[in-house]
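Kindly generate the corresponding structure for this input.
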Amino acid sequence: MPTRNELRLTFYMPNEGEFVSDFVVRHHRRNPWKTQSVAALLFSSGANYVALCFPEKVALREPEDRIRVPVQGRLEGLRVDPVEGARLIMADKAQVWIKSEAIHYLGFGYTRSFRTQDVELPYNKCLHFVYCEMEAWQRLPSRTTYARRLEWYPLASLKAMAKASMDERKAWFFLEALKQVAAKHTQFAPKLRRAVG
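This is a model prediction of the structure:
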């Protein structure tokens with residue numbers, strides 16, 4: 001069992017050549033009681049922007065309109081699939097339709113706190129990250145039933161946005177996930193490396 005410090009400092013990624021399904025099962029088998037969710041880094045066509053939202057449930061409890069996070073949702077079932085889960089969550093919560101093969105898995109980390117009823121459980125939620133690029137013909141809605149605001153943010157602003165509009169743990173996850181995208185061999189990796197280091 002990893003120590004709390006290891007959970008705090010680690011963004012887990014599949015080994016070279018490891019199937020995502022095997023990777024997820026391997027880790028979930030060690031901690032089957034932990035909740036699993038997935039966050040999607042949605043890049044605009046041309047990958048100059050990333051979509052962030054102000055979730056409706058956060059808007060109802062926050063007096064300020066400053067929170068911006070990736071679209072995310074809970075994964076259900078005994079054998080979760082973060083890629084297929086992300087595809088369904090993006091369609092339902094962001095009204096964006098992405099093919100499963102266009103969604104790429106990055107890794108996961110454990111969130112610092114997870115509230116269930118009146119109990120706060122430390123490092124009890126596994127948050128997976130995926131990334132995808134929006135097809136040119138799709139429109140990003142400005143609001144959905146899930147998001148009071150859903151907007152594009154330029155790559156150059158992402159580091160500052162994370163620090164200003166996310167809690168410390170979510171910002172760390174977000175930037176770690178972006179660094180993993182920046183390390184991939186994609187056309188937008190150089191721009192993203194400049195933006196997030």
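
Look at residue 108 and say how many residues are nearby.
The burial metric for residue 108, expressed as a neighbour count using other Cβ atoms under 10 Å, is 27. Where C-beta positions appear, they are placed from N, C-alpha and C, glycine not excepted.

so it bridges to which residues?
In this structure, residue 108 has beta-bridge partners residue 12, residue 128, where bridges are defined by DSSP bridges.

wait, isn't it in contact with residue 176?
No. Checked against Cβ atoms under 8 Å, the pair residue 108 and residue 176 is beyond contact range at 10.2 Å.

what's the offset of the longest helix seen in the chain from the middle of its chain?
For the chain, the helix that runs over the most residues, judged by DSSP state H, is helix 168-182. In terms of Cα atoms, centre = their mean, to the nearest Å, the centre of helix 168-182 is set 9 Å apart from its chain centre.

which other helices and strands contact that helix?
With contacts defined as 3 or more Cβ pairs under 8 Å, 6 or more residues apart in numbering; DSSP states H and E, helix 168-182 has these neighbours: strand 35-43, strand 104-116, strand 119-133, helix 158-165, helix 189-196.

outside of the last one, which residues touch it?
When contacts are taken as Cβ atoms under 8 Å, 6 or more residues apart in numbering, the neighbours of helix 189-196 outside the stretch itself are 47-48, 155-156, 158-159, 175, 178-179, 181-183.

Provide a PyMOL selection command restricted to the buried entries of those.
Applied in PyMOL, the following selects the buried portion of the contacts of helix 189-196 according to 16 or more other Cβ atoms under 10 Å:
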select buried, resi 47+155+158+159+175+178+181+182
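
Model confidence for residue 184, exactly?
The pLDDT attached to residue 184 in the predicted structure is 86.
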